[in-house]
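3D model of this:
(chains A and B)
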Amino acid sequence: MPNTALHRLLAARDSSPCTLICDRLGTSALPLLREFAACALADDQALVLLCTEVDPESFVTELKPLTKYQRSLRCSVTIVDAYTNPFGWEESTGGDKRHYHITNINDIRHVASVVGELVKKVSSQRCTIILDSLSPFLLISSHQTFQLFKKLIDLTSGSSPSPALTIFPHQRASPNDTHPTDTTRLIVLHHTDILPPITTPLAATIPNILASLSHLSSATITVQPPRTTDHDREAQLLRVGFVAEEQFAYLTSEDHRVDRGVVVEVEWKRKSGKVLYETNAYRPDKSGSRLEVVPVSTLLGLEEQIERVIVEEPTVSKSSSRRNITQQPDPTANLSFNLSLTEEQRRARGNVVLPYMKAQRMQVSNLSFLFTFRGYHHGTILHLWLFAFWSFPSDALNPATTTASGGGGSIYYEPDAADDFDDEDPDDDLTI
Amino acid sequence: MQSRIPVPCGRSEPKHAMGYHALDSLLAFPANIPPARAHIVITDTLSADGNFLLHHFLSNHLKAGPGTGNVVLVGIAHIFNHYSIVGRKLGVNLQQSKQSHRLAFIDALTHLNRAPSAPPSPPSLPSTPSAPTTVLTRSATLRPLHDAVSAALVGDRSLLILDDISVLLWSGYGVAEAVGLIRALRVLVQKRNGTLITLLHADEQLASDPVQDAFVRSVLGMAELVLSVQGLGSGFSRDVHGQVNLQRLRIYDCGSADAHSHVMCFSLTPPHSVLQLSIIHGAQSTIHVPSSTAPALPTPQTLHYKILDNTVQFFARGVSEGVL
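Residues are numbered from 1 along each chain as shown, chains lettered A, B, ... in the order given. Predicted structure coming up:
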């Protein structure tokens, strides 16, 4: 589905400097992250991978069969490996010199500076930075993780890095960036249910980390399992009046079923200021290696239900052919009274004289010159009428014969016997 | 923490009794060896003990062919004698395996918490795997344990069993350190194409503690396969004659760790109860594209089981002989 928000984010068709993907235990967004990487490589973008929870080598190996370009995969993928040896307990064994190994994950500032330097080296082409999970950083320190996130956002779309940490402003793309899509974009995975433990009283006062991250992100994608209606459960509830309570479990055998697809909710803050909310879905394609974006109804089986309804409807007769045969029910059907009109009734309805119609058709010849002024507010018609009272013959001001304007929204004033027109200024006696 | 171990009542075991055949056919691992580069997390609760799964994997691997590496068993909740006794009942001689270097045992329990009466012995890395080793002694970091495991792993396709990692958290180590250790051990095992099996406790009562909850969720997020055992939601299927004691355990200072107070519960599961086993694919399994290199995992399903004398009986939900 090419026009959905999810597809446009994957293909980088519209600008989104920072995309935050939120998942929970039971529905992993790792396939979506892999899909973002595959789309970036297919689009000939450089990829900077900051891995904390997934082995970067196996991640890149999984990407190999998904990309069809000729150039070597290794040239366009730079790895910042905070997974293999995050505490420096292992001796560093050489390895690929282009990849940077983090040996002290507790120094989060250093991680940010490493990523910044690597991104600067690939500044000549479009670049996608993928951060596989903030959770290991969050367990170390919330506020340092937030600073890391902020510094990574500063790298996106050529915006100038802020000299000091500011909590509130959402960094927009610089005015010099005229490219319709981003030069550098950031995609971050966040596990919303792994909350950093509060170790100090001060930590309890900082804002919720998800709120802080989504405030800075231009797009937030939340993944959820497809919720199917449990017919058996509803049927049991109707029959016996109760259902068994769900037993507590962190994971059930229904979790991480990739083949069933995933529903995503996208919140996208556009550059124009408009916020777009969409619910999309994805599932593995026929080969099982890529993802295809599908309508939500396909995932939940609603499409099948609609098809069933069409099959069960009686054959359409000629008299009802004029009725709109869609999935929406006809409100005029199955009523004990008649809501339709016969031809005679239609004609009679067309001939009904509405009030004030005559007055609307009256000519404006006496007052027309007053209405040549532009930007005229209808509320001043009364004042003009009053002016006209002194300027024009009285018969011209008969409400039955005069009219206010030729357009809609006119005011028709009929003075009562008790009305008294006084042209004296009521505020004359004020001494302010 | 006491646990119910399936023990035969005075009958002679068959010579090659190993593991549980019903579980072997359920998991359907090739050659009954867990897949390479996989992290299997076993979660259990107070009402259902997951130790039988550990013994199953342990005995299967010890009896495996020469193509597999050794087994490293890290005892954080039990001492070696415990495993030795249970293994003997199941037909596996752990003492002999240790002497033949097929099994390496790392004792991480003995000096885990500071005992004021006994002077702590200096930490010593194992020179020979035959002697019980003490690796965690008033240590602020978990590095000594990591180094001991690294030295003990031998060969390709080895098996590392951690029993159990919740004790690390209860002993005062922080969440970041404990999770970091599991991640580092996972990397260690993956480099050797081995398998990591961890046991942790995932009770509902512990979920209300944010530290425990973050720890369980972090570890579950690292798994390729999760085997979750728990009691039935409706309670035990026999007359309950267990006893539950709640005890507040004050954790002593372990260096940099904060002093948390945790609730530790003791419980006895009535024998021959029907319990529930769930086989669940982990988050890390979703990253693999379907290919020959992806680990072969069993089908996700939920079953009921009953542990008998030295066998385990599986049946579909609601069809045990007590019900039908």
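
can you give me the strands for chain B?
Ranges of strands within chain B are B:38-44, B:71-75, B:103-107, B:159-163, B:195-201, B:225-231, B:245-250, B:261-266, B:274-281, B:301-307, B:312-315, based on DSSP state E.

so which of those strands comes closest to residue A:129?
Set against residue A:129 and scored by C-beta to C-beta, the strands of chain B come closest in strand B:38-44, at 26.9 Å. In short, each C-beta sits where N, CA and C put it, glycine included.

partners of the lengthiest strand in chain A in the sheet?
Using DSSP E, we find that the single longest strand of chain A is strand A:275-284. Applying DSSP bridges, strand A:275-284 is found paired with strand A:262-269 (antiparallel), strand A:291-294 (antiparallel).

how about the stretch 51-200 of chain A: which residue is closest to chain B?
Going by C-beta to the nearest C-beta, chain B is nearest to residue A:139 of the stretch 51-200 of chain A, at 4.1 Å.

helices along chain A, start to end?
For chain A, applying DSSP state H gives helices covering A:5-10, A:30-42, A:56-63, A:73-76, A:108-121, A:135-140, A:142-154, A:209-216, A:231-240, A:296-300, A:302-312, A:343-350, A:357-361, A:381-391.

okay if I get the ones you listed as a markdown table plus mean neighbour count?
Formatted as a markdown table, the helices of chain A follow (neighbours: other C-beta atoms under 10 Å in any protein chain shown):
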| stretch | mean neighbour count |
| --- | --- |
| helix A:5-10 | 22 |
| helix A:30-42 | 22 |
| helix A:56-63 | 19 |
| helix A:73-76 | 14 |
| helix A:108-121 | 16 |
| helix A:135-140 | 23 |
| helix A:142-154 | 20 |
| helix A:209-216 | 17 |
| helix A:231-240 | 10 |
| helix A:296-300 | 17 |
| helix A:302-312 | 10 |
| helix A:343-350 | 9 |
| helix A:357-361 | 12 |
| helix A:381-391 | 14 |
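
just put the ones you listed in CSV and tack on mean pLDDT.
Listed next are the helices of chain A as CSV, based on pLDDT from 0 to 100:
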stretch, mean pLDDT
helix A:5-10, 89
helix A:30-42, 90
helix A:56-63, 83
helix A:73-76, 63
helix A:108-121, 88
helix A:135-140, 92
helix A:142-154, 90
helix A:209-216, 91
helix A:231-240, 77
helix A:296-300, 76
helix A:302-312, 43
helix A:343-350, 90
helix A:357-361, 71
helix A:381-391, 48
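
could you dump those helices to JSON lines with distance to residue B:171?
What follows is those, written out as JSON lines (distance: least, C-beta to C-beta, whole Å):
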{"stretch": "helix A:5-10", "distance to residue B:171": "44"}
{"stretch": "helix A:30-42", "distance to residue B:171": "32"}
{"stretch": "helix A:56-63", "distance to residue B:171": "32"}
{"stretch": "helix A:73-76", "distance to residue B:171": "43"}
{"stretch": "helix A:108-121", "distance to residue B:171": "26"}
{"stretch": "helix A:135-140", "distance to residue B:171": "18"}
{"stretch": "helix A:142-154", "distance to residue B:171": "24"}
{"stretch": "helix A:209-216", "distance to residue B:171": "27"}
{"stretch": "helix A:231-240", "distance to residue B:171": "43"}
{"stretch": "helix A:296-300", "distance to residue B:171": "45"}
{"stretch": "helix A:302-312", "distance to residue B:171": "51"}
{"stretch": "helix A:343-350", "distance to residue B:171": "86"}
{"stretch": "helix A:357-361", "distance to residue B:171": "88"}
{"stretch": "helix A:381-391", "distance to residue B:171": "85"}
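
residue A:258: which of the ones you listed is closest?
With respect to residue A:258, and counting by C-beta to C-beta, the nearest of those is helix A:30-42 at 6.2 Å.

can you list contacts of that closest one?
The contact list for helix A:30-42 (C-beta atoms under 8 Å, 6 or more residues apart in numbering or on different chains) reads A:10-12, A:19, A:21, A:47, A:49, A:54, A:59, A:62-63, A:66-69, A:73, A:76-77, A:128, A:130, A:132, A:187, A:189, A:221, A:223, A:258, A:262, A:264, A:282, A:284, A:290-291, B:283-284, B:286-287.

can you map out the helices along chain B?
Under DSSP H, chain B gives helices at B:21-27, B:51-62, B:80-89, B:94-99, B:143-152, B:166-170, B:175-191, B:204-207, B:210-220.

please identify the most buried of those.
Counting by mean count of other C-beta atoms under 10 Å in any protein chain shown, helix B:166-170 has the highest mean neighbour count of the helices of chain B, with a mean of 25.

from memory residue A:133 sits against residue A:145, does it?
No: using C-beta atoms under 8 Å as the test, residue A:133 is too far from residue A:145 to be in contact (10.8 Å).

mind listing what residue B:224 touches?
Contacts of residue B:224 by C-beta under 8 Å, 6+ apart are B:35, B:38, B:39, B:40, B:281, B:282, B:284, B:285, B:295, B:297.

enumerate every residue touching the residue of the stretch 101-250 of chain B found nearest chain A.
The minimum distance from the stretch 101-250 of chain B to chain A, using C-beta to the nearest C-beta, falls at residue B:233 (3.6 Å). Neighbouring residues of residue B:233 by C-beta under 8 Å, 6+ apart: A:244, A:245, A:247.

rerun that using 10 Å as the cut-off
The neighbours of residue B:233, taking C-beta atoms under 10 Å, 6 or more residues apart in numbering or on different chains as the test, are A:244, A:245, A:246, A:247, A:248, A:249, B:276.

before we move on, what about residue A:128?
Here residue A:128 is in contact with A:12, A:19, A:36-37, A:39-41, A:43, A:45-49, A:156, A:182, A:184-187 (C-beta under 10 Å, 6+ apart).

can you tell me how far the residue nearest to it when sequence neighbours are not counted sits from chain B?
Nearest residue to residue A:128, sequence neighbours excluded (C-beta to C-beta, 6 or more residues apart in numbering or on different chains): residue A:40, at 4.0 Å. Residue A:40 sits at a distance of 16 Å from chain B (criterion: C-beta to the nearest C-beta, to the nearest Å).

before we move on, the earlier item: which of the contacts of residue B:224 tops the neighbour count?
In terms of neighbours by other C-beta atoms under 10 Å in any protein chain shown, the contacts of residue B:224 top out with residue B:39 at 26 neighbours.
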